[in-house]
Each structure stands twice: as structure tokens, then as C-alpha cells.
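K.L.:
need a 3D model of the following:
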Amino acid sequence: MESVRELLEQAAQKYGDKTYLFYRDEQISFKEMDARANQVANAFAAEGIKKGDRVAIMMLNRPEYLYLWYGLNKLGAGMVPINSEFTAYETEYLVNHSESKMLAIDAGHYQILKDIRPKCPGLGKALLLDMDQAGENEELFPDFWSKQPTDLKKVDIKVNDEAAILYTSGTTGRPKGCIVDQFYYLNIGQIYVDQHLITADDCILTPLPLFHMNAQSLTAMGGLISGAGVVFIDRFHPSTWWEDIRKYQVTFFHYLGVIPAMLYSMPETDRDALPQKVYGIGAGVPKDIHAAFEKRFNVELLELYGSTEGGGGGAYMTGRKLKDRKVGTAAFGKPVPGVEGKIVDDADREVPLGEIGELVTRAADQANPRKGYMLGYLKDPEATEKVWRTGWFHTGDFCRQDAEGYCYFIDRKKDIIRRSGENISASEVESVVRLHPAIADVAAIPVPDTKRIEEVKIYIVKKPGAEVTPEEIIRWCEDHLAYFKIPRYVEFRDSLPKTSTEKIKKNELKTERPDLIAGAWDRTKHMKLKREMEKEKKKQSA
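P.N.:
Numbering: from 1, shown residues only. From the prediction side, this is the model:
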């Protein structure tokens, strides 16, 4: 198989009228999805879009997102998904950097189109969704495609032809555009299906956005490869989550770590336990609630690891083939077949088993160690070679590996707080604080310190009606964390800045003002740790 186009056409022939996509009360069969993708492809072709061109998409999850993506890939053109939370400033950069010739956008983002239009000279027609009139160089999306024929001319598309530009938020500077090919999607989709034993009898639900590789390459591709139905919801809704699981008879759902945490914090009911076991696929479930969450809701959470750059070339999965899931340990399984990985120090020397270092990966194919990965960063060959130094892809994640080959996530390299020579995982601090019954959300960041290099600061969001003092939070941490991990600074907030996938925008917190300590509660000025008090007692009795 050479392309996403070929995959969709084969799925339409094999599964026909079986429902592929569930969206709200709408059901779209494999055959209908293929036909609509053909109509959209014909519409793009009529606008002059051809193989190698790119079209940007900015909207929430909905069927039209798939029509656009598949329609473009039918022509050998690439999609450029844009984060639905991006500002006009960020959107302008992506449209220009990717040299997108058109933009499809929903009504909620129309003002962004108006703002960027004068600054994007290469942008042609804009396609509008959920609007009843179009302006100059604009067209309503239903008018664009609905009268097009369902037959489509053949296009010569090879497995290594570009399929999309997927932008990742870089740790510094502008987002980087990952060039991904047809094989990227075919490969990781097949791995996902194989490792989780997904069949045409399954139904997969995701709350993750289609501008993210997870929803694209796992859910959407997994459904086409296996014949499973897929359920896309616009975003995660805690109050209706289990209702949707039951409504669509879901057998697999996708999550980020914050989702189990939020669901587990909700009041228990007599309907919590699902009537049949359901599998969750994701990453970052808090270790402290992992086992209890599974027992309460009758689910198994299958942790995995991957990145936009890595695709299937650098994937680790627990899946349903590993008998021991290492529940509650932050283990994300082993490298899938065809993937190699190791843990290295800052000098790229492999560390002993059990020690923490950066995870580096590559394909086991000696002739092509980058097989399954992105083709490279768009217009940034230096960054591409830097991330591939020594012939291994550098993930930027601190992990450890045990003697059985299981890998355990510690933290993002940029989320490690270095205090007095100790490496502190921000996510570990957050998971402990989040377990406090009065805490709704928390973010831990490093702040500069002249004595200890960095100190730990936490931002706290209290649950509605809850009361808790900084001293109580510190005492809680003392009972759950080593002394050097205990936060020094505490700041209360009504909310935390988040992305559309519910990830906290740490960079925004780190850069919101020059002095991150000013106004924060300082532990050293208000209380002493138990350890410190014990030391004082020993000195006094000596």
C-alpha cells in the first residue's frame, strides 16, 4: 500500500456501509467518507490545487475535517493542521511558513482570517464553515464541494510523498513544521492496530483534536485499517464522558493524563463501573490513581509513548500484548517491533539500567534508521540534524529502563527542576499536590535561585468552595515527597493557562513577568519543614 488515498479506498470497498465516523447524532459510513473525500478532492482540483501543494485547516473536530484531510491526500496535496487555540499572530506564521495556498476555517476563527489576510500574500481562497455568506476570495464550504462528482482521476502518489506538515510547539522560538509522508500514517496506524488487537467489532473514541498527530495517526488511521468505528467529540467533557462511552458502545478511548485525574476527582456514583471492560489508550495517568481508577470504572489503561517527530519509528506501547502493564509505575511499555531505544546522558553515553537519562530512538532498519519518522523539519535542516545527532533521534524526555526492557517516563527534559544538584520532576510534584482533596489543578515550574540554582514554585487552583492554606499544602508534600522536592513558593490562581488538549502552558507561566517570586508565598519566611525543626532540636540538645 502506497498512500492514505489507497487505504481509504480499500476500506470503502471492504467495509462499505458500515459506520466509520460517529459525530454527535451523525453516522458516516466508510463508503460515504470515501465519496465525500473524492468530491472535496475534485473541488480542490478545480481551484488548481495539485500534488505537492498545501492547504491549512483551522477548526474543531468535525466530519468536515476528515473530508478536507482525505480529499487533499487524494490529490497528493498536504494538509497543514492549525491549533484551534492559536492567535492571529501564530496562525499568520504557520500559513506563511508552510506556504499554504488555501485555508479552511470555521466561524469561530473567522476573525483570525480577517486579521491575517493582508499579511499572507500567498494565501488564496478561504473556505468557510458555519457561515451563511462569503466575502471576496472566500467560499462557503458546502457550496465548494457538495455538487462535485464522486469519481476521481488517478494521481501517482508514492509512499514517501508528503502528506502533511504537522507543527510542534518548540521549547524556544517559533513552532517547527514536521514534514510527514504517506508511510508515516500507514505505518503508525498499523502498529497501533496490531499492538492493541483492534478489530472491525471495536469502536474508538477520542476527545483529542484532529490538529494533533494522535487523533490523526491512531484514531482515524486505526479505524480505516481495522474497520473499527471512530467517535470524534469536539473536546473533553467530564460530565458526559461516560455517557458517551455507553451511547456509542465504545471499546477503546484515548486520553491524556489530566483526563483520568479529572474523572477520578468527580463524586462517585453507582454507575461508575462500566458493564464491560473498556480500554483506555494514552499517556501520563498519575501513578497514585492508576490502579484505583481502573478498579472504579472497570477499564484498563494502556500507556504508550510517542512524538510528532517520531511517529511509528519511535513508538513505545503497552498495548494488549504485554501481560504485565506495570500499573502505577509510569511505565509506557517496550519499543514496538522495528524500533530501537536506549537511555543516554548529556554526552550521549548509554547509562546503566535503572538510571535516568534522555530517551533516544531509531528504526531498527540499518539501511534507514529514520524509517517511520518525520522526513525533517520544514526549512530547518540544522534543527533536523541536531535532533538526529549521533544517528539517534533525541526525544528531549528523561526516562529510565529496567532489566525487562520496560521504559518509565520521568519528565520532559525542559520540565526538570535542578535544585542543589538534584533533578526534580515537575510532574511528580504536580501529581502529589493534585491528590490533595482541596486542589483542582496545579502547575510546578522552576524559578531562579542564587544559592540552589533553581527552586520549585507551584501555582494552585482550588476546588470550588474549598479552603486550603500554603502551610497545609507544604505539610501534605512533606508526607509524600523527599524534602528536596518540596515547593518553596506557592501562588494561588483562579485558573491556569491551557492548550486545547488541556496541557498547561508552562512557558506562559515562566515568562508572564520578570520576577516570578514577587507576590508569591515563600515557605522559608513563614514556616519550617519537619526536617528543619528536627535539626534545630538536635542542635539544641547537643
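K.L.:
residue ranges with poor pLDDT in the protein?
P.N.:
Residues of the chain meeting the criterion pLDDT under 70: 169-173, 421.
K.L.:
can you list the domains in it?
P.N.:
Annotated domains of the chain cover 29-157, 420-541 [automatic domain parsing].
K.L.:
can you classify T361 by secondary structure?
P.N.:
What DSSP: H, G, I helix; E, B strand; the rest coil gives for T361 is strand.
K.L.:
past the longest helix seen in the chain, which element shows up next along the chain?
P.N.:
Longest helix in the chain by number of residues, with DSSP state H as the criterion: helix 30-46. With elements assigned by DSSP states H and E, the helix or strand that comes after helix 30-46 is strand 54-58.
K.L.:
now do the helix or strand following that next one: distance to the chain's middle.
P.N.:
Note on strand 54-58: by DSSP H and E, the next helix or strand toward the C-terminus is helix 63-74. How far helix 63-74 lies from its chain's middle: 21 Å, per CA atoms, centre = their mean, to the nearest Å.
K.L.:
just checking, what packs against helix 63-74?
P.N.:
On a contact count with 3 or more CB pairs under 8 Å, 6 or more residues apart in numbering; DSSP states H and E, helix 63-74 meets helix 4-15, strand 19-23, helix 30-46, strand 54-58, strand 78-81, helix 141-145. The C-beta positions use only the backbone N, C-alpha and C, and glycine is treated the same way.
K.L.:
list of residues touching that helix?
P.N.:
Residues outside helix 63-74 that contact it (CB atoms under 8 Å, 6 or more residues apart in numbering) are 3-5, 8, 21, 23, 26, 28, 33-34, 36-41, 43-44, 49, 55, 57, 59, 78-79, 104, 129, 141, 145, 152, 155, 157, 163-164, 182, 210, 216, 220, 232.
K.L.:
make a ChimeraX selection of the buried ones in those.
P.N.:
Only the buried members of these enter the following ChimeraX selection, criterion being 16 or more other CB atoms under 10 Å:
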select :3,4,5,8,21,23,28,33,34,36,37,38,39,40,41,43,44,49,55,57,59,78,79,104,129,141,145,152,155,157,163,164,182,210,216,220,232
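K.L.:
count the residues that sit near R24.
P.N.:
When neighbours are defined as other CB atoms under 10 Å, R24 has 11 of them.
K.L.:
residues contacting it?
P.N.:
Contact analysis of R24 by CB under 8 Å, 6+ apart lists nothing.
K.L.:
measure it to V230 for me?
P.N.:
R24 sits 13 Å away from V230, taking CB to CB, to the nearest Å as the criterion.
K.L.:
which stretches in the stretch 151-300 of the chain count as helices?
P.N.:
Along the stretch 151-300 of the chain, the segments classed as helices by DSSP state H, counting those that start in this stretch run 182-196, 213, 221-226, 241-247, 258-264, 290-297.
K.L.:
include distance to N507 when you put those helices into JSON lines, please.
P.N.:
Below are the helices of the stretch 151-300 of the chain laid out as JSON lines (distance: least, CB to CB, whole Å):
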{"stretch": "helix 182-196", "distance to N507": "27"}
{"stretch": "helix 213", "distance to N507": "20"}
{"stretch": "helix 221-226", "distance to N507": "30"}
{"stretch": "helix 241-247", "distance to N507": "29"}
{"stretch": "helix 258-264", "distance to N507": "17"}
{"stretch": "helix 290-297", "distance to N507": "28"}
